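K.L.:
structure, please.
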Amino acid sequence: MKKFINWLKSPSSDFALFIVFLLLLNIVSYNSFFRLDLTEPKSYSLSKPSKQVVKNLQEPLTIRVFFDKNLPTPYNSVAQYVEDLLAEYDGVANKNFSVINMDLSKEESLAMASDYGLSQIQIQEIKNNEVGFKQVYMGLVLSYGDSIETLDSITSTEGFEYKLTTKISKMISTADTLANLKQDEKINVTLYFSPVLKNMGISGCAELEEIVETTFKEVNKQNKDRLDYKVVNPSESETIEFVQKYGIQAIQYKSENQQKVAALGLVVEYNDDFRVIPVQIERSLFGYVVSGLETIGESINESLQSLMSNVQSIGYVTGHGELSLQDERQALNFNKMVSAHYQIEELNLVESDIPMNMSCIVINGPKADFAEEELYKIDQFIMRGGNVMFFVDSLVEQGGSPYQAAEYVPNELNIDKLLNKYGVKRNYDYVMDTNCYTTSSPEYGKVNLYWAPIMQKDSLAKKSVITQNLGYLIFLQNGSLDISGAENNSNLKSTVLVKSSPESWAQSERIMLNPIFMTPPEAGNFAPQNLAVMIEGKFDSAYTEKPEFETSDESAEATENQTKDENQLTTENHLASAKLPGKIFVTGSSYVTTYQILDGQDTSPISMFFLNVIDYLNGNEEVCTMRTKGLGINVLTIKSPALATIAKYFNQFGLVILVAVAGLIVVRSRAKRRKQIREKYNPNDSRQVK
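P.N.:
Below is the predicted model of the structure:
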């Protein structure tokens, strides 16, 4: 023993002890490890909402990973990213979280993937100098309680954490709400189906009821049998009623020389709220078919999550010519995008107040003045710490015909009474930018749409969580904004989220949105313009006192009688300044919320921008960075085709050449140094040291 202790103390044991140390360190790090994420958006680290959702699991959550092995580039990096991020989830989660990696070399795993509804994707593979294709699985299956959800076809890392955390949160919220329903309380799933459609030769109509009922039974089993299903075959009068109530599809047809109407729709309804499943008749190359049958189960689950989860409400102000949430050429895509995360409620401020549980409202494209009472309600909402999104057009189009160009006139509104007081001034102009969206014309070649500026990363706020991970944005017909008033107010923080490029200008006269007749001004007249701003802090009211509103004779008489009876009491609810900090977002265009910019999904940069704004206004700042993690949307800012080609080839070959040149320089410098040392210390030695 003494010899062993002496050996440990001697230098001869150093190597052996070092090996033992490495083994012990490896054992410890296997159970307790950490990683440093040096990426700017923290793409390989979990956000705070992700950590919270898996730390507080009340029931077992199991994630089954269905990824084929030995995937080719770039899919192998996606698989590695998913594996690493799931390890991060597992590291912070409680005991109810587990990850199971399925071995897809086994038949039972493949059968399970098929049973869960995962689909194989076709990828290209180069093997033995030959290009081939193979079918692979790249998906996840999430199980929480009796609920099962899938994340399928994960071919990119962009937004993966956001999608996974959002899916988990909705599953938990839905499962908890379903568990708390009363014993006799059900969620209604109703198929509205006119029987006459079966006799019209429409593909899918004959087996429609059977498909829906079979799918419903599977979904109901997954949701603790808390759903109730029925089929309604409406009469023609009932058809019109259901179409107006739910917005289901109406089908016009002729019978006995009379125009009649039938209906088709699948509705999920709970209390006074409902969701319409996208099952409808469409025209294809082979005639009319019923679409949406393949995704009924997924659509019902998504509708349940939307209905049952604790979704925040957002008010959408109407009554002044605002864009319609139901018009596909106006704000329908904006409605779809926001409704996937929040509940939008239309607000008529003449008839009702802003609900106390609502923290954000949207004013999108007003074309008429507000009543004084409406302005006061908006103002006091902000004074109470409320948040508002203002999409207010600087100009409006008048006239226009095939023979006469449209005229653009200032959109002067009394909403400016509020905006000016809060430090934001709208300029009645359009921002034009040479860095803009371009299209091609057979007659004119490349055409610049100057009124659709493209903002690169250097035109976006670098320190704001709303824009810091975005690479570019496209806006449309924006007026410029002056925020000097907010910047001079010490109680407010102003942030220019989006501005045009240094090669832009504001045009307020002789506006003609025809690129053929437009030319940029002289170089000295260019300057960046503010397109979208965020002002936050404690605002001052636009009203020194509560204004007198016009009232009906009956209400005026009631108020007079109350004053006579209770003239000893006076009430004052007016807030001259904010008691809680609020936020307002302002942009000089409502066109950015239309189909021309938004596609109804939340994957494009402009969609992510507006969702980030809404999340920020509703206090969900952490979600903003999580949504935009790992984005690959940074684009080349070089305009010249020749310079772009040079940049491309430099990225492909230039770096390799530079490394090779650097290596040659190092080799030559070392040889020269060896020669100098030899000549200095042993000049007569003829041997060569290599």
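K.L.:
chain center to the biggest helix by length in the chain: distance?
P.N.:
Using DSSP state H to define each element, the chain has its longest helix at helix 655-681. Distance, stretch centre to chain centre, for helix 655-681: 53 Å (C-alpha atoms, centre = their mean, to the nearest Å).
K.L.:
tell me the mean pLDDT for that helix?
P.N.:
Model confidence over helix 655-681, given as mean pLDDT, is 88.
K.L.:
please, which helix or strand holds the residue lying closest to L349 once chain neighbours are set aside?
P.N.:
Nearest residue to L349 in three dimensions, chain neighbours excluded: E374, at 4.1 Å (C-beta to C-beta, 6 or more residues apart in numbering). Yep, even glycine has a C-beta here, placed from its N, CA and C like the rest. Per DSSP states H and E, E374 falls inside helix 372-383.
K.L.:
restricting to C-alpha, output that helix in PDB.
P.N.:
Taking C-alpha atoms only, helix 372-383 is exported to PDB below (Å, rounded to 0.1, in the frame of the first residue of the first chain):
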ATOM      1  CA  GLU A 372     -65.500  61.800 -30.500                       C
ATOM      2  CA  GLU A 373     -66.800  59.100 -28.100                       C
ATOM      3  CA  GLU A 374     -64.800  56.400 -30.000                       C
ATOM      4  CA  LEU A 375     -61.600  58.500 -29.900                       C
ATOM      5  CA  TYR A 376     -62.000  59.000 -26.200                       C
ATOM      6  CA  LYS A 377     -62.500  55.300 -25.600                       C
ATOM      7  CA  ILE A 378     -59.300  54.500 -27.500                       C
ATOM      8  CA  ASP A 379     -57.400  57.200 -25.700                       C
ATOM      9  CA  GLN A 380     -58.500  56.100 -22.200                       C
ATOM     10  CA  PHE A 381     -57.800  52.500 -23.200                       C
ATOM     11  CA  ILE A 382     -54.200  53.500 -23.800                       C
ATOM     12  CA  MET A 383     -54.100  55.500 -20.600                       C
END
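K.L.:
give me the contacts around it.
P.N.:
Helix 372-383 has contacts (C-beta atoms under 8 Å, 6 or more residues apart in numbering) with 317, 319, 349-350, 353-354, 361, 363, 370, 388, 414-415, 417-418, 422, 539, 541-543, 546-547, 549, 573-575, 577-579, 582, 584.
K.L.:
can you list contacts of the very next helix or strand once past that helix?
P.N.:
Downstream of helix 372-383, the next assigned helix or strand under DSSP H and E is strand 387-391. Defining contact as C-beta under 8 Å, 6+ apart, one finds that strand 387-391 is touched by 359-365, 378, 381-382, 415, 419, 582-587, 589-590, 592-593, 613-614, 617-618.
K.L.:
direction included, what does strand 387-391 pair against?
P.N.:
Take DSSP bridges as the rule and strand 387-391 pairs in its sheet with strand 360-364 (parallel), strand 582-587 (parallel).
K.L.:
quick one: buried ones out of the contacts of helix 372-383?
P.N.:
317, 319, 349, 354, 361, 363, 370, 388, 415, 418, 422, 539, 541-543, 575, 578, 582, 584 (16 or more other C-beta atoms under 10 Å).
K.L.:
make a PyMOL selection of the buried ones in the contacts of strand 387-391.
P.N.:
In PyMOL, a selection of the buried entries from these looks like this (16+ other C-beta under 10 Å):
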select buried, resi 359+360+361+362+363+364+365+378+381+382+415+419+582+583+584+585+586+587+589+590+592+593+613+614+617+618
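K.L.:
so where's the stretch 1-150 of the chain shaky on pLDDT?
P.N.:
30-36, 38-43, 126-131 (pLDDT under 70).
K.L.:
gap between the two ends of stretch 328-345?
P.N.:
Start to finish, the residues bounding stretch 328-345 are 18 Å apart (C-alpha to C-alpha, to the nearest Å).
K.L.:
buried stuff in it?
P.N.:
330-342, 344.
K.L.:
of the residues you listed, closest to A206?
P.N.:
For the buried residues of stretch 328-345, the minimum distance to A206 (C-beta to C-beta) is 30.7 Å, reached by K336.
K.L.:
my guess is that closest one contacts G600, does it?
P.N.:
Yes. Judged on C-beta atoms under 8 Å, K336 makes contact with G600 at a distance of 4.0 Å.
K.L.:
confidence-wise, which helix or strand of the protein is lowest on average?
P.N.:
helix 553-565 (a mean of 45; mean pLDDT, DSSP states H and E).
K.L.:
what residue ranges in the stretch 501-650 of the chain score low on pLDDT?
P.N.:
550-573, 630-640.
K.L.:
quick one: the helices in it?
P.N.:
Assigned by DSSP state H, counting those that start in this stretch, the stretch 501-650 of the chain shows helices spanning 553-565, 605-617, 621-627, 641-649.
K.L.:
quick one: mean pLDDT for the helix holding E374?
P.N.:
pLDDT averaged over helix 372-383 gives 93.
K.L.:
got it, and stretch 201-219?
P.N.:
91.
K.L.:
pull the residues that contact it.
P.N.:
Outside stretch 201-219, the residues touching it (C-beta under 8 Å, 6+ apart) are 189, 191, 193, 197-198, 227, 229, 231, 266, 279, 281, 286-290, 293, 296-297, 300-301.
K.L.:
next one: stretch 521-532
P.N.:
With C-beta under 8 Å, 6+ apart as the test, stretch 521-532 has contacts from 431, 453, 455, 459, 475, 478, 480-483, 496-506, 520, 585-589.
K.L.:
now stretch 351-361
P.N.:
Contacts made with stretch 351-361 from outside it, assessed by C-beta under 8 Å, 6+ apart, are listed as 312-317, 345, 347, 377-378, 381, 385-389, 614, 617-619.
K.L.:
over to stretch 609-616?
P.N.:
314, 334, 337-338, 341-342, 360, 389, 465-467, 470, 473, 497-498, 534, 583, 585, 592-593, 598, 602, 621, 623-624, 627-628.
K.L.:
same question, stretch 159-177
P.N.:
Residues outside stretch 159-177 that contact it (C-beta under 8 Å, 6+ apart) are 46-47, 49-50, 53-54, 57-59, 61, 81-82, 85, 89, 140, 142, 144-147, 149, 151, 154, 223, 304-305, 308-310, 341, 603, 623, 626-631.
K.L.:
try it again with 7 Å
P.N.:
With C-beta atoms under 7 Å, 6 or more residues apart in numbering as the contact definition, stretch 159-177 has outside contacts at 46-47, 49-50, 53, 61, 82, 85, 142, 144-145, 147, 149, 151, 154, 304-305, 308-310, 626-627, 629-630.
K.L.:
just put the strands paired with strand 387-391 in TSV and tack on distance to C205.
P.N.:
As requested, those are exported to TSV (distance: least, C-beta to C-beta, whole Å):
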stretch	distance to C205
strand 360-364	38
strand 582-587	46
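K.L.:
thinking again about what came up before, just the buried members of the contacts of stretch 521-532?
P.N.:
Buried members of the contacts of stretch 521-532, counted by 16+ other C-beta under 10 Å: 431, 453, 455, 459, 475, 478, 480-483, 496-501, 503-506, 585-589.
K.L.:
if we can go back for a sec, tell me the least confident of the buried residues of stretch 328-345?
P.N.:
Lowest in pLDDT among the buried residues of stretch 328-345 is A340, which has 82.
K.L.:
OK, contacts around it?
P.N.:
The contact partners of A340, by C-beta under 7 Å, 6+ apart, come to D602.
K.L.:
tell me the spacing between it and F133.
P.N.:
Separation of A340 from F133 (C-beta to C-beta, to the nearest Å): 33 Å.
K.L.:
then D103?
P.N.:
Using C-beta to C-beta, one gets 23 Å for the distance from D103 to F133.
K.L.:
what does T519 give?
P.N.:
According to C-beta to C-beta, T519 stands 50 Å off from F133.
K.L.:
which stretches of the stretch 251-400 of the chain have low pLDDT?
P.N.:
Low-confidence segments of the stretch 251-400 of the chain (pLDDT under 70): 309-310, 400.
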